[in-house]
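K.L.:
Take this sequence and fold it.
(2 chains, ligands or ions: 1)
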Amino acid sequence: MKRTFDTEKKLYTLALLVQDIPGVLSQVARLFSRKGYNIESIVSGESSQPGMTRITIVIQGDELMVNQIAAQCRKLIPVQVVKILEEDTSIQREFAMIKVMAVDRNTRDEVIQMANIFRANIIDVSRETLTVAVFGDKSKTSAFIKLMGDFGILEMAKTGTLAIERGRSALCDDNKLREEYNYGKNVL
Amino acid sequence: MKVRATQAILECLLEQDVDTVFGYPGGTILNLYDELYRYQDKIKHILTAHEQGAAHAADGYARSTGKVGVCFATSGPGATNLTTGIATAYMDSSPVVFITCNVSEELLGKDSFQEVDITGIAMPITKATYLVRDPQTIPDIMRQAFAVAATGRPGPVLIDFLKNVTALNQTIDYEFIHWSENRNTSSIRRLAVSHGLKAPEPDLGDVEKLVEMIGQAQRPLLICGGGVVRGRAHEEFRALAERLDAPVAITVMGGGGFPGGHPLTTGMIGMHGSQASNVACNECDLLIAVGCRFSDRVALQPDTFASQAKIVQIDIDRSEIDKNVLTDHHIIGSAKRVLALLNERVPQYSHPEWKERILSLKEERQEGTGDRLTPSQILTAIHKAAPSGAIVSTDVGQHQMWSIQHFHFDYPGQLLTSGGFGTMGFGLGAAIGAQVGNPDKVVIHATGDGCFRMNCHELATVQYYHLPIITVVFNNGTLGMVRQWQHLIYKEHYSQTTLDRGPDFVKLAQAYGLKGRRVTNRAEMEQALQEALSCGCGYVIDCQVDIDEMVRPMVPGGAHITDFLLK
Ligand SMILES: Cc1ncc(C[n+]2csc(CCOP(=O)(O)OP(=O)(O)O)c2C)c(N)n1
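P.N.:
Reported below is the predicted structural model:
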């Protein structure tokens, strides 16, 4: 039976474990532009293994296209694992710092109230501004940013999505697909 | 042991049994060439006329010998001149290690003279690139580069050394370890371990499943792709074909993977595929493709490709599965190993009716009898005159398709052609590499008048190294393949394809110190070939061919595989 694929375009989250060597991030990012895929967000940082970096990428696409891009990523020599994370079996979070205009006392109170509701923190105060840090899944941060927009956002710094699987599952788990990819990379 | 860094680089080539490199020197690579001067007894360097020629030569050397090709170039323009050659090798999975040198560390990133980010440029057209900034890493990187180029799905790798790394007063710790032993000692081992690699062994369950599918099939078809050639799996492939008693269609890259004259073969498949191949693909109920990526020149219309069949892909590269055509089953592994496992399990089958249906579609080629020399006559003459194992390298265009359709290729590396990238100018460079790597074989370079102009300066290399390459120019006075499309699809608007211009190819050959002859009919062609085969030097045969000759059959791009525009 031919495999069937979901043709609806939606957001997919890819988690990669790569060797921490110069140029590896650009090598990965270039694959996406080369194939004409748009990266919604990309986050790169330490992993639990020394010398390895964990990259989380969110892209818009259909299933076949996401499989293909994951396959291309897996072929890069410094890339150890690529996994497409499912929305319902993984936890996704992002973090934003938002500097809002809050010149008078009323506005300040309102901002602080909103922040409390969203469990966001005031991390800096000046005469004219408040800086709020919010952490949560995409719907939460988006909603909060939208609300803050009413007060006038002076600037904002936000990460892309970070993701990790629920339960015992981990990126490095052995599976047949991973082995199949590694044949092509075998250097022995 | 302490050795010069440059010495370590060349010793690492010797570890890999490299005795020949192709290249072109320049400012930043002077140190390495100085070392090469000391190693001239051990490593032969072929100086080409242009870096692109060197790249194609290293590629042709690799394809024809099965070894890894090596190519040197300097920074900046030297490096960028390689890029077409690198991409050509990448698209056809040919193992070549490209070595370039860049400016010194202190000049890096300052737009210094002849500085270019070649590792960045080459990234999408190589399996891996390495920028070497620390001389101590030379042995590790060299060993890893060769391992990466040659193993798994082969392909080009580029190593860029900063000039200061190769400084002649730079010494490093180095110990010679032959490649057969260094896989356990160097970073290769670490790389393998970090990827959790095990000895690559195909999944037996997947193999058994295919055995079962074969048992149920009434109308099986095999496709011989480039993976059979690169994996040198021709014997195993042939054994399976005979066991299955199934027709075999061959892709452009698969030429040499299955004997061209074998009764089971239906010839080329795809855009210029034979009736028999394309119809078989449309009517089969099981299609087993070995080392074939179903490119748009093969699976012209992916949605209707082999629509009655269960499609099975055997490939070493998992990312090829379901890339262009959705499959029903796949086996991941080297063609040689997977086919061997299948052969142990598949009994002898017989499919007389199906075979009869397909093989009866095979046609004899029309020779053409008029006074004008036809492509067929040229190829028949070559076929008769040249020894059977002769290597054929082609450029890109009509002459390429005619050559592949006409000749019978019997072993991997006998056909050298740029199937994936379609690089005009590949042929002469590849022929040089092939002749250097196979001094005892006859090498024929089939080219068009357009392609030959792109790289004919390499005749200087042919002359200097006494390479008896026979260049056969299908001189139709046009960019024939483009003209054919203009004729069929663009209402005969022959926009910028007519080549009514010099040079005189015979005089050109003579100017380079070679022999040449213009031929206009079959008898002259036969004489010219005799001269060429006996003269012991490079020879150019300028064949006058009609401007309106076409490649037949033809299915236009994107059309259903049996919707022939030309039969
Ligand atoms: C470097 C490069 N430029 C352009 C093309 C497009 N192209 C493909 S075939 C062809 C015509 C080749 O003409 P010629 O060498 O005369 O061969 P013929 O088709 O006549 O046999 C051209 C221009 C190409 N494949 N490669």
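K.L.:
helices and strands of chain B: which one bottoms out on pLDDT?
P.N.:
Ranked by mean pLDDT, DSSP states H and E, the weakest helix or strand in chain B is helix B:187-194, scoring a mean of 68.
K.L.:
Any idea how far the helix or strand that it is followed by is from the middle of the chain?
P.N.:
Sequence order places helix B:204-216 as the next helix or strand after helix B:187-194, per DSSP states H and E. Remark: helix B:204-216 is offset 31 Å from the chain centroid, using C-alpha atoms, centre = their mean, to the nearest Å.
K.L.:
Would you confirm that A:I42 belongs to a strand?
P.N.:
Yes - counting by DSSP: H, G, I helix; E, B strand; the rest coil, A:I42 is located in a strand.
K.L.:
How about it: which residues does it bridge to?
P.N.:
Judged by DSSP bridges, the bridge partners of A:I42 are A:I57.
K.L.:
That one: neighbour count?
P.N.:
19 (other C-beta atoms under 10 Å in any protein chain shown). Backbone N, C-alpha and C define where each C-beta goes, glycine included.
K.L.:
quick one: contacts of the helix or strand hosting A:F144?
P.N.:
A:F144 belongs to helix A:138-149 when assigned by DSSP H and E. Helix A:138-149 is contacted from outside by A:92, A:94-96, A:98, A:100, A:111, A:114, A:118, A:120, A:132, A:134-136, A:153, A:156, A:158, A:161, using C-beta atoms under 8 Å, 6 or more residues apart in numbering or on different chains.
K.L.:
Let's see that helix as PDB, backbone CA atoms only.
P.N.:
The C-alpha trace of helix A:138-149 is given here as PDB (Å, rounded to 0.1, in the frame of the first residue of the first chain):
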ATOM      1  CA  LYS A 138       2.100  30.000  21.600                       C
ATOM      2  CA  SER A 139      -1.500  30.800  22.300                       C
ATOM      3  CA  LYS A 140      -0.800  32.300  25.700                       C
ATOM      4  CA  THR A 141       2.200  34.500  24.600                       C
ATOM      5  CA  SER A 142       0.300  35.600  21.500                       C
ATOM      6  CA  ALA A 143      -2.800  36.600  23.500                       C
ATOM      7  CA  PHE A 144      -0.700  38.400  26.000                       C
ATOM      8  CA  ILE A 145       1.300  40.300  23.300                       C
ATOM      9  CA  LYS A 146      -2.000  41.300  21.700                       C
ATOM     10  CA  LEU A 147      -3.300  42.700  24.900                       C
ATOM     11  CA  MET A 148      -0.100  44.600  25.600                       C
ATOM     12  CA  GLY A 149      -0.400  46.100  22.100                       C
END
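K.L.:
what helices or strands is the helix or strand just after it leaning on?
P.N.:
Next helix or strand after helix A:138-149 toward the C-terminus (DSSP H and E): strand A:153-158. Under the contact criterion of 3 or more C-beta pairs under 8 Å, 6 or more residues apart in numbering or on different chains; DSSP states H and E, strand A:153-158 touches strand A:90-101, helix A:138-149.
K.L.:
Any idea how far strand A:153-158 is from the middle of the chain?
P.N.:
18 Å.
K.L.:
List the strands paired with the helix or strand just after that strand, with their directions.
P.N.:
Next along the chain after strand A:153-158, taking DSSP H and E as the criterion, comes strand A:162-165. Strand pairing for strand A:162-165, using DSSP bridges, gives strand A:90-101 (antiparallel).
K.L.:
Can you give the distance of the strand it pairs with from its chain's centre?
P.N.:
11 Å.
K.L.:
Could you do stretch B:168-181 as well?
P.N.:
32 Å.
K.L.:
and residue 110, what is it in contact with?
P.N.:
Let's take chain A. Contacts of A:E110 (C-beta under 8 Å, 6+ apart): A:F151.
K.L.:
still on that earlier bit, can you check what angle separates the helix holding A:F144 from strand A:90-101?
P.N.:
Interaxial angle of helix A:138-149 relative to strand A:90-101 (axes from the mean of the first three to the mean of the last three C-alpha atoms, to 10 degrees): 10 degrees.
K.L.:
How is the spatially closest residue to B:G397 that is not a sequence neighbour classified with respect to secondary structure?
P.N.:
Distances taken as C-beta to C-beta, 6 or more residues apart in numbering or on different chains put B:M481 closest to B:G397, at 4.0 Å, once the chain neighbours are dropped. Secondary structure for B:M481, judged by three-state DSSP, is helix.
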